[in-house]
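Student: my questions are about this predicted structure, shown below with the sequence.
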Amino acid sequence: MPGCDNKASESTRADGNGTTETTAQDPSTAVPKASDVDAALAYADARAAADGLSRHTFAQGLMGTQVVISVYADDAALAQRASGAAFDEMRRLESVMSDYPQSYPDSEVLLLARAAHEQPGEPRPVSDDLWPVLVRAKAVHTATDGAFDITARPYTGLWRISRERRELPPPAALAEHAPLVGMHHLVLDEANQTAYLDAPGAWLDLGGIAKGYIADRALDVLRDHGVSIAEVRAGGDMALGDPPPGLPGWPVNVPDFPRTGAGENAEGLAFYHANGGCSVSGDAYRFVEIDGVRYSHVIDPRTGLGVVGSRYCCVRGPSAFATDAAATAGCILDGGAFDAALLALGEIEGPLTGWRFQGAAQADTQADPPE
């Protein structure tokens with residue numbers, strides 16, 4: 001084609017051990033749809049070669065999920081150093097915010113819960129790592145009218161058992177735990193950056209907000225190393241840097257999110273996004289059927305039970321920190337309340353765009369059409 005360089009280019013893919021895979025790509029095609037992630041990145045790889053850049057991808061298991069870092073750099077050693085430092089930072093932050101005593105018995109989150117037993121009402125200094133997460137969690141709780149609540153950890157423990165046993169928690173157990181749940185139990189002193197839980201047995205679960213925050217921090221580390229064309233994916237939370245060469249952003253494809261068509265012609269949600277965040281929450285793979293009813297792994301803190309029915313939510317915004325909690329709340333809130341929450345949350349950090357889908361509650365029925 002006139003005006004196009006038809007010379008084949010090479011792209012490089014590396015695993016956590018630095019193993020690389022090189023493939024030839026033809027740069028003459030048009031920008032692919034975001035729904036075709038492989039084609040989109042191959043397109044970017046071909047254009048990156050002209051600038052002496054290659055794509056490098058690394059993966060590690062962190063925060064109960066597979067974390068994948070993809071970067072474009074002109075030096076494979078730099079890419080590996082930067083990604084290694086980003087993984088180290090994520091692991092360090094996980095050790096601060098984990099609520100799993102088996103993994104991190106002395107995490108800052110667990111020390112807060114322990115202090116509620118040993119020193120009730122005694123404020124504890126909060127680190128600069130944890131503080132912004134607690135403050136944001138309070139704001140999200142208000143904006144979602146209580147649908148997002150990090151104090152629901154007592155319910156989380158019950159629901160994890162219920163999912164394993166495939167039976168609902170006993171009403172007596174829910175009633176016993178209910179007094180321990182409520183954001184009023186988390187008392188923050190912004191002037192002194194201290195916090196405490198005012199009820200022995202109260203416990204925090206940052207699973208619906210910490211991944212986005214930690215992914216953003218990892219992206220900051222990559223930028224500090226001079227790698228700005230980068231993507232950090234922590235499960236359903238994505239922190240996105242500068243766009244890959246030739247693309248308007250990083251391709252985000254959510255094939256399980258029904259949007260248009262049906263059967264073989266069905267299309268999921270897909271778009272490009274850069275220098276911001278995106279979060280997807282839903283029960284495509286993490287749900288349980290009890291007595292013919294489908295329950296999500298996402299807990300409604302107002303009931304102590306998993307959200308009923310098939311629900312998906314995707315939120316795009318200025319950071320993964322901003323989108324993580326919003327997407328979690330979107331799996332709990334109904335349409336109008338979700339729209340109101342997005343507007344309120346957008347005033348905290350910046351505009352948010354959200355999509356949600358709600359299917360049928362009965363496990364053996366077809367999902368409702370997308371909204």
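Tutor: Structure received.
Student: would you double-check that S83 falls in a helix?
Tutor: Yes - residue state for S83 (DSSP: H, G, I helix; E, B strand; the rest coil) corresponds to a helix.
Student: ok, now how distant is it from F287?
Tutor: 33 Å (C-beta to C-beta, to the nearest Å). Yep, even glycine has a C-beta here, placed from its N, CA and C like the rest.
Student: ok, these two, which is more surrounded?
Tutor: More neighbours surround S83 than the other of S83 and F287, with 29 against 19 (other C-beta atoms under 10 Å).
Student: now that one: how far from G52?
Tutor: From S83 over to G52 (counting by C-beta to C-beta), the distance is 19 Å.
Student: try R92
Tutor: Where G52 is concerned, R92 sits at a distance of 33 Å (C-beta to C-beta).
Student: cool, A143 as well?
Tutor: Taken as C-beta to C-beta, the span from A143 to G52 is 45 Å.
Student: those two - which one has more neighbours?
Tutor: A143 (22 against 9).
Student: where does the stretch 251-371 of the chain dip in pLDDT?
Tutor: 258-266, 284-285, 359-371 (pLDDT under 70).
Student: can you map out the helices along it?
Tutor: 320-330, 335-346 (DSSP state H, counting those that start in this stretch).
Student: centroid residue for the chain?
Tutor: Nearest residue to the geometric centre of the chain (C-alpha atoms, centre = their mean): D237, 2.7 Å.
Student: contacting residues for that residue?
Tutor: By C-beta atoms under 8 Å, 6 or more residues apart in numbering, D237 lies in contact with 211-212, 215, 277-280, 320, 323-324.
Student: for ChimeraX, write the select line for the buried members of those residues.
Tutor: For the buried members of the contacts of D237, the matching ChimeraX selection, counting by 16 or more other C-beta atoms under 10 Å, is:
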select :211,212,215,277,278,279,280,320,323,324
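Student: need the contacts of D237 in TSV (columns: distance to A39).
Tutor: Below are the contacts of D237 laid out as TSV (distance: C-beta to C-beta, whole Å):
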residue	distance to A39
K211	28
G212	27
A215	25
G277	24
C278	19
S279	24
V280	21
A320	25
T323	25
D324	28
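Student: looking at the contacts of D237, which is nearest L269?
Tutor: Closest approach to L269 among these (C-beta to C-beta): V280, at 8.6 Å.
Student: and that closest one, how close does it get to P245?
Tutor: 25 Å.
Student: now do R81
Tutor: R81 is 21 Å from P245, by C-beta to C-beta.
Student: between the two, tell me which one has more neighbours.
Tutor: P245 (19 against 14).
Student: returning to what we had before: okay, the helices of the stretch 251-371 of the chain, which one's buried deepest?
Tutor: helix 320-330 (a mean of 31; mean count of other C-beta atoms under 10 Å).
Student: chain center to it, what's the gap?
Tutor: 7 Å (C-alpha atoms, centre = their mean, to the nearest Å).
Student: sorry, back to before: the residue nearest to the centre of the chain pairs with what?
Tutor: The partner list for D237 in beta bridges (DSSP bridges) reads A234, S279.
Student: I'd say L53 and D74 touch.
Tutor: Yes - using C-beta atoms under 8 Å, L53 is in contact with D74, at 5.4 Å.
Student: out of these two, which sits in the busier spot?
Tutor: L53 (22 against 13).
Student: quick one: contacts for that one?
Tutor: 72-74, 229, 245.
Student: chain center to stretch 218-235: distance?
Tutor: 15 Å.
Student: mind listing what's buried along that stretch?
Tutor: Buried, per 16+ other C-beta under 10 Å, within stretch 218-235: 218-219, 221-223, 225, 227, 229-235.
Student: which of the residues you listed sit farthest apart?
Tutor: For the buried residues of stretch 218-235, and using C-beta to C-beta, no pair is farther apart than H225 and G235, which are 23.4 Å apart.
Student: all helices for the stretch 1-150 of the chain, in order.
Tutor: Going by DSSP H, counting those that start in this stretch, the stretch 1-150 of the chain shows helices at 37-50, 76-97, 108-118, 131-143.
Student: so for the first one, what gets flagged as buried?
Tutor: Read it as helix 37-50. Neighbour counts using 16+ other C-beta under 10 Å place 37, 39-49 of helix 37-50 among the buried residues.
Student: what of the last one?
Tutor: Taking 16+ other C-beta under 10 Å as the basis for neighbour counts, the residues of helix 131-143 that come out buried are 131, 133-134, 136-137, 139-141, 143.
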